[in-house]
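>>> sequence unknown, structure follows:
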């Protein structure tokens with residue numbers, strides 16, 4: 001078995017993480033640096049993922065089973081758009097091609113998380129209309145079994161302000177710098193956040209903080225046994 005070092009401790013394990021829509025691999029870069037095995041999936045071969053695939057067509061049996069963590073960052077272009085009413089109806093259902101594509105990738109992420117039986121899962125998307133859709137609204141108030149964390153990137157380094165929502169079953173994750181907008185409602189037609197490229201992904205220090213808390217939680221449960229992780233409803 002492989003040894004990994006984290007937070008000054010050495011744990012013997014062969015834990016693997018999966019990053020869906022991996023793109024710049026920010027999450028996997030942190031995981032690998034901490035000694036985790038990583039498996040990345042993206043449809044763009046240029047990003048050199050472990051597996052090149054369209055996630056809307058990918059079946060879970062092509063991925064590692066029962067991973068410790070699945071991290072997904074579906075493309076947000078169809079969610080965070082100007083003229084929101086031209087893409088989504090009043091109930092949050094897609095009415096344009098780009099909105100339909102966005103919802104399909106979001107649903108694909110949920111499906112794959114369930115199919116591989118991830119112990120802990122995280123789904124990130126820029127702070128925006130997705131938090132008000134039927135599929136996610138329950139996470140706005142469902143602590144501790146359902147969580148939505150909002151993080152302002154600027155709190156984790158000298159980087160432009162940008163807020164990201166993360167939906168997760170990791171009830172033990174308590175970011176030190178959670179944004180005050182956690183429960184705030186963002187108007188559907190609010191100005192779209194303009195940070196481009198990798199800057200739209202959760203910054204590495206926030207992900208490292210999550211791994212440190214996972215390590216602490218896991219060690220605290222060693223003598224008591226592991227509780228069952230809450231199941232994700234698709």
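Sure thing, it's come through. In this text the structure is predicted, and so the values were computed from the model without any measurement.
>>> Show me which positions of the longest helix along the chain end up buried.
For the chain, the helix with the greatest residue count under DSSP state H is helix 97-115. Within helix 97-115, the residues that qualify as buried are 99, 102-103, 105-106, 108-115, counting by 16 or more other C-beta atoms under 10 Å. Where C-beta positions appear, they are placed from N, C-alpha and C, glycine not excepted.
>>> out of these, who's nearest residue 60?
residue 115 (2.7 Å; C-beta to C-beta).
>>> ok, now which ones touch the nearest residue to that closest one once chain neighbours are set aside?
Spatial nearest neighbour of residue 115, chain neighbours left out: residue 60 (2.7 Å); criterion: C-beta to C-beta, 6 or more residues apart in numbering. Listed by C-beta atoms under 8 Å, 6 or more residues apart in numbering, the contact set of residue 60 reads 111-112, 114-116.
>>> which of the residues you listed lies closest to residue 20?
If you rank the contacts of residue 60 by distance to residue 20 using C-beta to C-beta, residue 112 comes first, at 6.3 Å.
>>> Quick check: that closest one touching residue 55?
Yes. Shown here, residue 112 and residue 55 form a contact pair, counting by C-beta atoms under 8 Å, at 6.7 Å.
>>> Now for these two: what residues contact both?
Residues touching both residue 112 and residue 55 (C-beta under 8 Å, 6+ apart) are residue 20.
>>> How far off centre is stretch 54-68?
Put simply, stretch 54-68 sits 15 Å off its chain's centre (C-alpha atoms, centre = their mean, to the nearest Å).
>>> ditto for stretch 128-137
15 Å.
>>> now stretch 16-28
Centre-to-centre, stretch 16-28 and its host chain are 9 Å apart (C-alpha atoms, centre = their mean).
>>> Same check on stretch 26-33?
Centroid displacement of stretch 26-33 relative to its chain, using C-alpha atoms, centre = their mean, is 13 Å.
>>> Kindly list the single helix or strand of this protein that scores lowest on mean pLDDT.
Scoring the helices and strands of the chain by mean pLDDT, DSSP states H and E places strand 9-12 at the bottom, with a mean of 32.
>>> Give me the next element, helix or strand, following it.
strand 16-20 (DSSP states H and E).
>>> Tell me the helices and strands packed up against that following strand.
Helices and strands touching strand 16-20, as assessed by 3 or more C-beta pairs under 8 Å, 6 or more residues apart in numbering; DSSP states H and E, comprise helix 26-33, strand 37-42, strand 69-72.
>>> try 10 Å this time
Contacts defined by 3 or more C-beta pairs under 10 Å, 6 or more residues apart in numbering; DSSP states H and E place strand 16-20 against helix 26-33, strand 37-42, strand 69-72, helix 97-115, strand 120-126.
>>> Each with direction, which strands does it pair with?
strand 37-42 (parallel), strand 69-72 (parallel) (DSSP bridges).
>>> for those, which one ends up most surrounded?
Ranked by mean neighbour count, the strands paired with strand 16-20 are led by strand 69-72 with a mean of 27 (mean count of other C-beta atoms under 10 Å).
>>> mind checking how far that one is from the chain centre?
Here strand 69-72 shows a centroid-to-chain-centroid distance of 6 Å under the convention C-alpha atoms, centre = their mean.
>>> How about stretch 77-91?
How far stretch 77-91 lies from its chain's middle: 21 Å, per C-alpha atoms, centre = their mean.
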